[in-house]
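**Q** quick one: sequence and predicted model below, then my questions.
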Amino acid sequence: MESFSDLLKRQRDFFQSGKTKDVSYRIEALTTLGNMVRSNETELMAALKKDLNKSDFDSYISEMGILLEEIRFTLKHIKDWTQPRRVKTAFTQMGSKGYIYSEPYGVALIISPWNYPLQLAIAPLIGAIAAGNCAILKPSELTPETSKLIADLITKTFPAEYISVVQGDAETTQSLLKEKFDYIFFTGSVAVGKVIMEAAAKHLTPVTLELGGKSPCIVHHDANIKLAAKRIAWGKFINAGQTCVAPDYLYVHRDVKDEFIRMFIESIKEIYEEIVKNGEFTRIVSEKHFNRVTGFLTSGEILHGGNYSIDTLTLEPTVIGGVNWDDPVMQEEIFGPILPILDYDDIQTMVGKINEQPKPLALYIFSESKEFQATILNSISFGGGCINDTVMHLSSPYLPFGGVGESGIGAYHGRGSFDVFSHQKSILKQTTTFDLPFRYPNRKDALKQIKLFIK
């Protein structure tokens, strides 16, 4: 396997030159990055089309648009974020001032997945640049057109000692992980996340792991059923369900189950029927993943959809009823356009069943009851989510996005992206105008006087 020690040395030397710590340098780099995305919009959309059959609409709203907004938001706030932050000091530190300095880690490794191959490569890079780091990107080999284009564009836009892209398969990733990075940011599966964390531990390298899991969606009996059906259909089937925060299974209150299923199928037809018919529905990324996802069709009863084509690696939006927790579709994250539906009438039983599973990356609540919303929020641990919507929380730069437990470590987006790639250096500035004599042990009654301050 290839050694990347020379590339890391070049980046580390460049970082030590101090250029990346200059705020004006970071601003220029972020502006250049935004211009790179804007000026290559057509080429990026074409690459996403080849890799995943993404429509221009989906490519813009779920990839380019999110990145451009993230860059805009970061440029607006970066001067404030980079300033030392004044904090209070204790009474026992009379005369002193406390500050927190955000300093870059150094050289960051960003490993991105295939499901949003542009957004999930560049979004962490925005944070790495804003915080003042150098970075090496490792995009997914499963989306070769997009990965190659990212590599070409980054190479043309930035010096390799500042930002580089390394292409390759799992062996390339393993080779990269043998090197000592200052920070590792990984987006992908739980299984690979464990490998990343194990490799990072050998160098005590801090990590952010953006993973996944089975994200529940709960529709209570008092929900706006028609709107819930439409928003869940959109959030589940965008990108053919290949979204880490897509609703993975649905818990619907028994009293409204039939009504919801009817409206849900109507919403699928309204939003996706024409897109599927025109061949514009996003495809499954590979034959391996396609076979895994279509294998779930043996679970329960197909209430809608179920048609697929191995030639185009497409599976139409599919709804499955009559499932239980022993079925294959409930054993792992689906990551495809299949939504199994369970029902409930007892809230605590439903909550208990969700809590038996690993902590999910997202959870969605559809209810008009603040009491029910509070019950779910206070009873279940998860990364983040929405009330009366799906997926949209990850697009807000004011909401840090990340998982908990098996769904991930750390959070980013907006200020969170800057913070995740920054070490918070705590500094106490002490006065020289006076000195508190009782801090020294040779002073008579020093302990007695200290006890007057510390009670």
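**A** It's in.
**Q** does P317 touch V276 like I think?
**A** Yes - P317 sits in contact with V276 when judged by C-beta atoms under 8 Å, with a separation of 7.3 Å. Quick note: C-beta positions are derived from backbone N, CA and C, even for glycine.
**Q** more neighbours: those two, which one.
**A** P317 (27 against 19; other C-beta atoms under 10 Å).
**Q** stretch 39-58: end-to-end distance?
**A** One end of stretch 39-58 to the other measures 18 Å (C-alpha to C-alpha, to the nearest Å).
**Q** what segments of the stretch 301-450 of the chain are helices?
**A** 347-355, 370-379, 415-420, 446-453 (DSSP state H, counting those that start in this stretch).
**Q** comparing those, which yields the minimum mean pLDDT?
**A** The weakest mean pLDDT among the helices of the stretch 301-450 of the chain belongs to helix 446-453, with a mean of 72.
**Q** how far is it from where the chain is centred?
**A** Counting by C-alpha atoms, centre = their mean, to the nearest Å, helix 446-453 is centred 50 Å from the centre of its parent chain.
**Q** can you check stretch 340-350 too?
**A** With C-alpha atoms, centre = their mean, you get 28 Å for stretch 340-350.
**Q** same check, this time on stretch 270-284
**A** The answer for stretch 270-284 is 26 Å, by C-alpha atoms, centre = their mean.
**Q** who touches both of P317 and V276?
**A** Common neighbours of P317 and V276 are not found (criterion: C-beta atoms under 8 Å, 6 or more residues apart in numbering).
**Q** so A108 sits against F181, correct?
**A** Yes - proximity of A108 to F181 meets the contact threshold set by C-beta under 8 Å, at 6.6 Å.
**Q** could you list the low-pLDDT ranges of the protein?
**A** Applying pLDDT under 70 to the chain flags the ranges 1-2, 453, 455.
**Q** show me it divided up by domain.
**A** According to automatic domain parsing, the chain comprises the domains 5-211+405-427, 216-399.
**Q** would JSON lines of the ones you listed with distance to A446 be doable?
**A** Converted to JSON lines, the domains of the chain look like this (distance: least, C-beta to C-beta, whole Å):
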{"stretch": "domain 5-211+405-427", "distance to A446": "13"}
{"stretch": "domain 216-399", "distance to A446": "47"}
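**Q** of these, which approaches I450 most closely?
**A** Comparing the domains of the chain against I450 with C-beta to C-beta, the closest turns out to be domain 5-211+405-427 (8.3 Å).
**Q** measure how far the closest one is from the centre of its chain, please.
**A** That offset, for domain 5-211+405-427, works out to 12 Å (C-alpha atoms, centre = their mean).
**Q** ok, G193 - contacts?
**A** F186, L209, L211, G408.
**Q** you'd agree the last one is up against L209?
**A** Yes - G408 is within contact range of L209, at 5.0 Å (criterion: C-beta under 8 Å).
**Q** how near is the residue nearest to L436 when sequence neighbours are not counted to L447?
**A** Spatial nearest neighbour of L436, excluding adjacent residues (C-beta to C-beta, 6 or more residues apart in numbering): M94 at 6.7 Å. According to C-beta to C-beta, to the nearest Å, M94 and L447 sit 18 Å apart.
**Q** okay, now T155: neighbour count?
**A** Neighbours of T155 (other C-beta under 10 Å): 13.
**Q** in what helix or strand does it lie?
**A** helix 144-157 (DSSP states H and E).
**Q** tell me which other helices or strands that helix touches.
**A** If you count contacts as 3 or more C-beta pairs under 8 Å, 6 or more residues apart in numbering; DSSP states H and E, helix 144-157 packs onto helix 23-39, helix 41-52, strand 163-165.
**Q** try 10 Å this time
**A** helix 23-39, helix 41-52, helix 119-131, strand 134-138, strand 163-165 (3 or more C-beta pairs under 10 Å, 6 or more residues apart in numbering; DSSP states H and E).
**Q** re earlier: tell me the most buried of the helices of the stretch 301-450 of the chain?
**A** Across these, the average number of neighbours (mean count of other C-beta atoms under 10 Å) peaks for helix 415-420, which reaches a mean of 22.
**Q** against which helices or strands is that helix packed?
**A** Using 3+ C-beta pairs under 10 Å, 6+ apart, helix 415-420 sits against helix 65-81, strand 97-104, helix 119-131, strand 183-187, strand 207-210, strand 401-402, strand 411-412.
**Q** for P337, find the nearest of those.
**A** Of all the helices and strands packed on helix 415-420, helix 119-131 comes closest under C-beta to C-beta, at 19.3 Å.
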